[in-house]
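all I have is the shape, not the residue letters:
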């Protein structure tokens, strides 16, 4: 990911917040035959452990051949998208001064790169899906648990997935939030996106106000 110095984000706590807030990540790895890279959309859970940046956990369908490519490649990149919004030149104060402005896009993203392990052991898979379920069910008033389903049914479902762990070795963070504009232009972008009816625009405005 191209990260000019003005937009680079290196604070671990900020990167982790972005990763945990992402509802769906994109896991990308090289194709075993040298063709186009393979990619799978999936939720990934971050656990901070003894590694330099933590470990990501998830699972994919066994029918999805990508898991074999992941095993062959040994490394992968997980992409976590944050808020994003189109920025019109009309929002800049400098448009009224000299007009030398063009459209752009503000966005937040984190890329996590590291070594991959594919998990097929039933006990480890059960523990993995239980942790993932607990995380995503936690906000619900009446959370569902893996143990709510019949054990033979769960065992059958586990045979149709493989677990994925990615030990993060490199984290690349980017918060492109008009840091290259002067204060008046940034204020115009915040005001314009805040007034938008689009929730994504408002999320970017909130990220800009947060600094």
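Structure received. Computed from a predicted structure; not experimentally measured. Residues are numbered from 1 along each chain as shown.

show me where pLDDT drops low in this protein?
In the predicted model, the chain carries pLDDT under 70 at residues 50-51.

list the buried residues in the biggest helix by length in it.
If you go by DSSP state H, the chain has its longest helix at helix 122-137. Neighbour-count burial for helix 122-137 flags 125-126, 128-129, 132-133 (criterion: 16 or more other C-beta atoms under 10 Å). To be clear about C-beta, it is placed using only N, CA and C from the backbone, and glycine gets the same treatment.

which parts of the helix or strand where residue 186 lies are buried?
Under the criterion of DSSP states H and E, residue 186 resides in helix 183-195. Neighbour-count burial for helix 183-195 flags 185-190, 192-193 (criterion: 16+ other C-beta under 10 Å).

now swap in stretch 3-19 and tell me
3, 7, 9, 15-16, 18-19.

mind listing what the spatially most central residue of the chain touches?
The centroid of the chain falls nearest to residue 80 when counting by C-alpha atoms, centre = their mean (1.5 Å). Counting by C-beta atoms under 8 Å, 6 or more residues apart in numbering, residue 80 touches 18-19, 22, 25, 44, 109-112.

show the residue spans covered by the strands in the chain.
Along the chain, the stretches classed as strands by DSSP state E are 8-9, 25-29, 38-42, 45-47, 55-61, 75-87, 104-119, 161-176.

in JSON lines: those, plus distance to residue 155.
Formatted as JSON lines, these follow (distance: least, C-beta to C-beta, whole Å):
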{"stretch": "strand 8-9", "distance to residue 155": "42"}
{"stretch": "strand 25-29", "distance to residue 155": "26"}
{"stretch": "strand 38-42", "distance to residue 155": "22"}
{"stretch": "strand 45-47", "distance to residue 155": "22"}
{"stretch": "strand 55-61", "distance to residue 155": "15"}
{"stretch": "strand 75-87", "distance to residue 155": "28"}
{"stretch": "strand 104-119", "distance to residue 155": "15"}
{"stretch": "strand 161-176", "distance to residue 155": "12"}
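
to residue 154, which of these lies closest?
In terms of C-beta to C-beta, the element of those nearest to residue 154 is strand 161-176, at 11.1 Å.

now the helix holding residue 186 against strand 104-119, angle please.
Between helix 183-195 and strand 104-119, the angle comes out at 70 degrees (axes from the mean of the first three to the mean of the last three C-alpha atoms, to 10 degrees).
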